[in-house]
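1. Test case, fold it:
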Amino acid sequence: MRPPRPWAAAVFAVAFAARLAFTFLADQPLLYGHQYHYFTNGLLLAQHPSPLRYVLFSDEWRLWNGEWTIAPLYHLFLGVLFRLFGPHLLPLRLVQCALDALAAVAVASLGRRAAGPRGVWAGVAYALWWPAIEMTSWSMTENLHTVLFVGALALMAEEEAHPSRRRAFAAGVVLGFAALTRSVSTGFLPIAAVWRWWLAGRGRAGVRAALPIVLGGAVVILPWTARNVFLVHDAVLIESAAFENIWFANNFAERERLARQREVIHGEPTPAGKRQAALLFAVRGISRNPDLFLDKIAVNFWHFVRPEGLHNLVGIQRSLEAWRHVGSLVLDDLLLVLLVPLTVVFVFAGPRTPARGLIVGWMAYYLLMIVVVFHNEIRYRSAFVPFACVAAAGGLGSLFDPERRRRMGTWISLGVGLLIVVGMLRPYAGAGWRDAAATRLTARAVRAVEGGATDEAWRIAEQAAARAPRSPRPWFDLGQALDGHGDAAGALAAYVKGDPRATPANWRGLLARARLLPLLEGGDGAARALRQADRASWDVDPWLVLEIAWRELPPPRTDEVLLARNDYGAVRGMFHPRGIDAADDRSSQWARYEEGGSPPPGPHRWTRGRAWVRLLPTAAAAAYDVTVEMGSPFPSPNSAPVVMVRGNDGVAHAQALTAAVQPYTFRIGGAGPGEPLVLRFDSPVWSRAGEPADQGIRIDRVSVRPAP
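-> Numbering: from 1, shown residues only. The predicted model follows:
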């Protein structure tokens, strides 16, 4: 086996290092429902007593919304990994880092075909593309589809340059596996065959060149189709979710009519009937609302090329860490702004090479599917940006080519691409400029608070808010500064002024009110604010909520932290607030306890592998006796995990837990004057279907007292 070429090894190393760094440094859990859909189904496959029979004769493991089937391969991929390495995220993420690094090498290979040796920089660009770096920590189909699909096209380009029926067949096989991962790839199989037929001179020679690609894809796809038809009695090529998506994207029905359509579709007794009804409503929606259909195309296009970093920072002002904003702006938005005009040059004015036809064919087909036929999400760029990197390398080559630079078409194409960039940036330019000016003023207001000039801080904050009247950031930053300096009443007033300007994606005010209202007012308003914070944990994501609270709120001045009882700002690296109220807690444990007749557990949280608790003790001391009520009860399969507890002094205390939650006391060195006492918990993790992934231990309460 020959060693990899230096350019391939370099691209792989850059991509793999970037993804590993994100995996270990960001250390984020699975987020949102889509990731848990695949993770849970992968666990079900891995833990099934007869997995092969389950896969062949049941579609339960790949259902979406209980009605529609999804392409199977990523579920199977997860099931195999969990079977081999156990139900843990780290092995999966390491494998996905390696796979996406291979995808970067395939992008570099295509770049060399499209733009010569310098095209290897296309692979470097993809290696550093922020969404791809982050995606490897997710359990999403893109992690398998990207490497398969880009690899298939790289094999096709290589086969065209060095004809080989075996390589063409292998390219078709890989493309078939990509189709079983995301079925949108299926439609490109005939396009790729036509491309190869055309390049080979059409006629019989073209058929001989194209046939291995078709056969390779068919060898993979058709056995799955036969399984659908003969074993589960559903005559569908790969999946049925595409029919649900086309209906969702094109029904153009108001809420009441949409509900009736959903009833009709779900009321059909057979899968074929559901698909037919969904397609009928989609066609009817387009025919009755052609204007809305055209509007959808425009909205989909501008959504697809939206600068996501600017959208999060300026548009909706999501509560993200500063480093995430920087990464998204520099390695996503800036890269996209550079790729778009160069891609347009490549598409309309690039040299007519075989690689150009293959890449343009895919990009045109994919845009047709996700902009015109279906709908799109930002993550759908994963199947487009790798080829945009290749196209941009080719477009840059055209601009540096003296002959092509003299052609009018090259400059017209560049102009069209720059106009698209203007359209991308226009919604955020004015607001971004105003927000930057307001941010500079707000920094002065924060310094005024630190200097004790509270009245001056309010005056400056008023000026900042006038510069950016739609932004809550000036008031939220002022509220955070006032809260950190002990002015709870002033902080609450500032947050209240910012709340009407906040979008649903900005949770700073919500979490601040949950902390401040109980301190200042109590009563129903405080209870309601706390319920809203708890509900955000359940409806959005508990880890995100706790991370934002840890950055936004000061550590509480107390000698006791009661987990899941307004612990925002005191805990980090944990999951949902459980056991607080049967009406508010949607934990599956409630149903289990109620069925058994036992009372629900007391308020608590489950940790991740690493978790933190912080507080400012009311009495300064050189050391504290810290008591932690913790355990490893059901549903944890770990009956006696060993937990490492560390404090500010860095001393590690090993403690073996039991299934019973009970108190354990540790002597922890105190922090410096005015510094919080921070406890870190490191524990082995476990996963179970229906529960968050990689949970650690349960903690109910942490209390401190000065050591004698």
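
2. Tell me if I am right that residue 615 is in a helix.
-> No - assessed with DSSP: H, G, I helix; E, B strand; the rest coil, residue 615 is strand; it does not lie in a helix.

3. State the distance from it to residue 563.
-> 12 Å (Cβ to Cβ, to the nearest Å). Placement of C-beta: from N, CA and C, glycine included.

4. Overlap in contacts, these two.
-> Taking Cβ atoms under 8 Å, 6 or more residues apart in numbering as the criterion, residue 615 and residue 563 both touch residue 702.

5. low pLDDT regions in the chain?
-> 1-2, 580-601 (pLDDT under 70).

6. where along it do the strands fall?
-> Taking DSSP state E to define them, one finds strands in the chain at 63-64, 68-69, 560-562, 571-574, 605-615, 623-631, 642-646, 652-656, 662-669, 677-682, 698-706.

7. one step back: compare residue 615 and residue 563 (neighbour count), which wins?
-> A count of neighbours by other Cβ atoms under 10 Å puts residue 563 above the other of residue 615 and residue 563, at 27 against 24.

8. give the contact list for residue 332.
-> Counting by Cβ under 8 Å, 6+ apart, residue 332 makes contact with 129-131, 307-309.

9. residues in contact with the spatially closest residue to it that is not a sequence neighbour?
-> Using Cβ to Cβ, 6 or more residues apart in numbering and skipping residues adjacent in sequence, the residue nearest residue 332 is residue 130, 4.2 Å away. Taking Cβ under 8 Å, 6+ apart as the contact definition, residue 130 lies against 309, 327-328, 330-332, 335.

10. Likewise for residue 636?
-> Residue 636 is in contact with 659, 686, 695, 697-698, counting by Cβ under 8 Å, 6+ apart.

11. and the residues you listed, which are buried?
-> Those of these that meet the buried threshold are 686, 695, 697-698, by 16 or more other Cβ atoms under 10 Å.

12. can those go into CSV with extra columns for distance to residue 340?
-> CSV is the format used below for the buried ones among the contacts of residue 636 (distance: Cβ to Cβ, whole Å):
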residue, distance to residue 340
686, 45
695, 42
697, 48
698, 49
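
13. Tell me the one of those residues nearest residue 438?
-> Relative to residue 438, the closest of the buried ones among the contacts of residue 636 is residue 695; by Cβ to Cβ it sits at 41.0 Å.

14. Now do stretch 505-525: distance to the chain's middle.
-> 28 Å (Cα atoms, centre = their mean, to the nearest Å).

15. contacts for that stretch?
-> Residues from elsewhere that reach stretch 505-525, judged by Cβ under 8 Å, 6+ apart: 312, 316-319, 472, 476, 479-480, 483, 488-489, 491-492, 495-496, 498-499, 502, 526, 529-530, 532-533, 536, 540, 545, 548-549, 552-553, 556, 566, 568-569.

16. how deep is the nearest residue in space to residue 552 that is not next to it in sequence tucked in, by neighbour count?
-> Excluding the flanking residues, the one nearest residue 552 by Cβ to Cβ, 6+ apart is residue 508, at 5.3 Å. Residue 508 has 25 neighbouring residues, counting by other Cβ under 10 Å.

17. mind checking how far residue 508 is from residue 449?
-> Using Cβ to Cβ, we find residue 508 at a distance of 16 Å from residue 449.

18. likewise residue 66?
-> Shown here: residue 66 relative to residue 449, a distance of 52 Å by Cβ to Cβ.

19. Next: residue 645.
-> Going from residue 645 to residue 449 by Cβ to Cβ gives 35 Å.

20. Kindly report the same for residue 32.
-> Look at residue 32 and residue 449: by Cβ to Cβ, they are 36 Å apart.

21. more crowded one of the two?
-> Taking neighbours as other Cβ under 10 Å, residue 32 and residue 449 compare with residue 449 leading, 25 against 12.
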